[in-house]
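> heads up, no residue letters with this:
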């Protein structure tokens, strides 16, 4: 059986196999970048400012990047603000402390997300203040016909290029946004190290977060939720922040209002890194 598996693997043409792997990495990277940059750092925390035109542009790009698993900006931001307000308490909408496993956490998170994304429940005013809202895009993106088109597009690409075990990657494209959220919320509050003591159990899972583009510096982020750079120590590299620096230089976004805050935080950062 082992020999037949090796033979089948060698039989997979190199170019089609690379096409699938490149597509998977590209979709993963684009989806998590816009999730952390637009949904998290901008919509939820307002760590940066941008014009209305750029806001609509990034809103649309987030939808195109996430596709069938696009997360409503309103639903995501409200849920995330609640997460910070009630971190790792019974009121936290997605704390691993409240669930036996990651699957039950994902299901519970989906129910709370749906309540706000589809406006079935009204949150406290503080949790929806200033959240970017584009009802027309939400209606299209959250409708099943649009989701089916995305599913068909992913499947069509795999039908052309995928062989054998590569098909196992296909379902990830369907629910990539929720998968990213589950990785961050579960691992970022269970595994890793802590730079700061806090009332929650947030942790930094990776020293170089290549997997979720900075999201797994959860302990740093919970200490300084308004800080656009999730890395604190010299070796903690936040890829999204590096891109944001270029965007700020190009005047696409503005981080100037946050400079004073970052400077004030620097004293604590130095002590933490000592």
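Perfect, I can see it now. A quick note: this is a predicted structure, and the numbers were derived from the prediction, not measured.

> and the closest residue to residue 97 other than its chain neighbours, how many neighbours?
Using Cβ to Cβ, 6 or more residues apart in numbering and skipping residues adjacent in sequence, the residue nearest residue 97 is residue 88, 5.2 Å away. C-beta here means a position set from N, CA and C on the backbone, and glycine is covered the same way. Residues lying near residue 88 (other Cβ atoms under 10 Å) number 18.

> secondary structure class for residue 88?
coil (DSSP: H, G, I helix; E, B strand; the rest coil).

> Over to residue 132?
Per three-state DSSP, the local secondary structure of residue 132 is coil.

> Check the gap between it and residue 152 for me.
With distances taken as Cβ to Cβ, to the nearest Å, residue 132 is found 29 Å from residue 152.

> what does the model give the residue nearest to residue 97 for pLDDT?
As predicted, residue 88 sits at a pLDDT of 97.

> ok so, going back, neighbour count for residue 132 and residue 152, which is higher?
When residue 132 and residue 152 are compared on other Cβ under 10 Å, the one with more neighbours turns out to be residue 132, at 18 against 12.

> quick one: that one and residue 59 touch, right?
Yes. Applying Cβ atoms under 8 Å, one finds residue 132 in contact with residue 59, separated by 6.1 Å.

> and for those two, which residues touch both?
Residues touching both residue 132 and residue 59 (Cβ atoms under 8 Å, 6 or more residues apart in numbering): residue 73.

> show me where the stretch 51-200 of the chain has helices.
52-66, 73-85, 102-117, 125-128, 135-141, 144-161, 170-174, 176-187 (DSSP state H, counting those that start in this stretch).

> Next, the buried residues of the first one.
Looking back up the chat, that one is helix 52-66. 55, 58-59, 62-63, 65-66 (16 or more other Cβ atoms under 10 Å).

> go on, the second one?
For helix 73-85, burial by neighbour count (16+ other Cβ under 10 Å) applies to 73-83.

> Turn the helices of the stretch 51-200 of the chain into a markdown table, including mean pLDDT and distance to residue 29.
Formatted as a markdown table, these follow (pLDDT from 0 to 100; distance: least, Cβ to Cβ, whole Å):
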| stretch | mean pLDDT | distance to residue 29 |
| --- | --- | --- |
| helix 52-66 | 98 | 9 |
| helix 73-85 | 96 | 19 |
| helix 102-117 | 96 | 21 |
| helix 125-128 | 94 | 29 |
| helix 135-141 | 93 | 20 |
| helix 144-161 | 96 | 16 |
| helix 170-174 | 98 | 13 |
| helix 176-187 | 97 | 11 |
